[in-house]
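Enquirer: Just the structure for this:
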Amino acid sequence: MIDIGRTAPTSGWSPYCGVAPSPADLIARWNLDPVLLVVLGLSLAALIRLGSRTGRPFAIAAVLVLAVSFISPLCALGSALFSARTVHHVLLVAVAAPLLAWSLPMRRVGPLAAATLVQGAVFWGWHAPGAYAAALSNNAVYWLMQFSLLGSATWFWMGLRTASTPGAVAALLIATVQMGLLGALITFAEAPLYAPHLLTTQAFQLSPLDDQQMAGLIMWAPAALVYLIGALVVLGRRIGPDRPVEARRA
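Expert: Predicted coordinates for the structure are as follows:
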């Protein structure tokens, strides 16, 4: 279990996942927070109850991805490396969120344009240096970050299920561009932007700027590619301009 009262003596930050680990002790840094474990267990039970039999594999996979994000040493590594925290965020919005969306019954959840706008705004907002630093210094802000990232992304992916082909493709391409643009801005920044990682990357043989550039490249290439592949898949399975995305699976 993480001791949230510990504070890194060199940085002053107290992230939920604990102080930044060293490479030597990383493998032992599993987060066995009992509250987290109970919440994940209850979430899985609720998803199985609310979803259909065909949605159960998606529910199980979604909770497994969340476990990797919050229980495995990736959680602690995110206290040291912004690039690891970026992987964590990409797992939430581009892997766990679509799995959650497909684990639930298909229903209209409001305009896809609004979901696309909110998802992008939330993702960009939490990667502003000030907001990001606040999340790594206060547990309440940290969980607000996690729930808003996951919630807005799940809304976006659920909206895709009932969207027409042109609407779904447009939304996915917009998501591709916004993710890639943010990644490019972070990659080409001339100085480190994220104060919580100014003193935590050196143990991993990375400067803060190197770590930040890795994070930007993760957003710019593999993360953006998820949305681009989604757009190509939807376009490739196109039946008619007014058919919802989910209907093409029948």
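
Enquirer: Low-confidence stretches in the protein?
Expert: 1-12, 239-250 (pLDDT under 70).

Enquirer: Just the strands from it, written as ranges.
Expert: With DSSP state E as the criterion, the chain has no strands.

Enquirer: which stretches of it form helices?
Expert: In the chain, the helices defined using DSSP state H lie at 34-50, 56-70, 74-80, 82-91, 97-103, 112-126, 129-135, 139-161, 165-187, 208-218, 224-236.

Enquirer: What is the first one packed up against?
Expert: Counting contacts by 3 or more Cβ pairs under 8 Å, 6 or more residues apart in numbering; DSSP states H and E, the secondary-structure elements packed against helix 34-50 are helix 56-70. In this view, the C-beta of every residue, glycine as well, is placed from N, C-alpha and C.

Enquirer: Run the angle between the helix it packs on and helix 139-161 for me.
Expert: Orientation of helix 56-70 against helix 139-161 (axes from the mean of the first three to the mean of the last three Cα atoms, to 10 degrees) gives an angle of 150 degrees.

Enquirer: Show residues contacting helix 56-70.
Expert: 31, 36, 40, 43-44, 47-48, 51, 74-75, 88, 91-92, 95-96, 99-100, 102-103 (Cβ atoms under 8 Å, 6 or more residues apart in numbering).

Enquirer: Filter the residues you listed down to the buried ones and hand me the PyMOL line.
Expert: Selection of buried members from these for PyMOL, criterion 16 or more other Cβ atoms under 10 Å:
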select buried, resi 31+36+40+44+47+48+51+74+75+88+91+92+95+96+99+100+102+103
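
Enquirer: For residue 196, which of the helices of the chain is the nearest?
Expert: Residue 196 lies closest to helix 129-135 among the helices of the chain, at 5.7 Å (Cβ to Cβ).

Enquirer: List of residues touching that closest one?
Expert: With Cβ under 8 Å, 6+ apart as the criterion, helix 129-135 contacts 13, 15, 125, 126, 141, 142, 144, 145, 193, 194, 195, 196.

Enquirer: Nearest to residue 200, out of the helices of the chain?
Expert: Using Cβ to Cβ, these put helix 74-80 closest to residue 200, at 4.4 Å.

Enquirer: How far off centre is that closest one?
Expert: 14 Å (Cα atoms, centre = their mean, to the nearest Å).

Enquirer: Could you list every helix and strand that it packs against?
Expert: Taking 3+ Cβ pairs under 8 Å, 6+ apart as the contact cut, helix 74-80 packs with helix 82-91.

Enquirer: by contact count, what packs against the helix it packs on?
Expert: Using 3+ Cβ pairs under 8 Å, 6+ apart: helix 82-91 touches helix 56-70, helix 74-80, helix 208-218.

Enquirer: just to revisit the earlier point, distance to residue 135 and neighbour count added to the contacts of helix 129-135, as TSV?
Expert: Putting the contacts of helix 129-135 into TSV (distance: Cβ to Cβ, whole Å; neighbours: other Cβ atoms under 10 Å) gives the following:
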residue	distance to residue 135	neighbour count
13	10	19
15	8	27
125	11	13
126	7	18
141	5	17
142	5	18
144	8	15
145	4	22
193	14	21
194	11	21
195	12	17
196	9	26
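
Enquirer: quick one: which of the residues you listed is nearest residue 82?
Expert: residue 194 (5.2 Å).

Enquirer: Quick check on residue 138: phi, psi?
Expert: phi -150, psi 120 (degrees, to the nearest 10).

Enquirer: residues in contact with it?
Expert: Contacts of residue 138 by Cβ under 8 Å, 6+ apart: none found.
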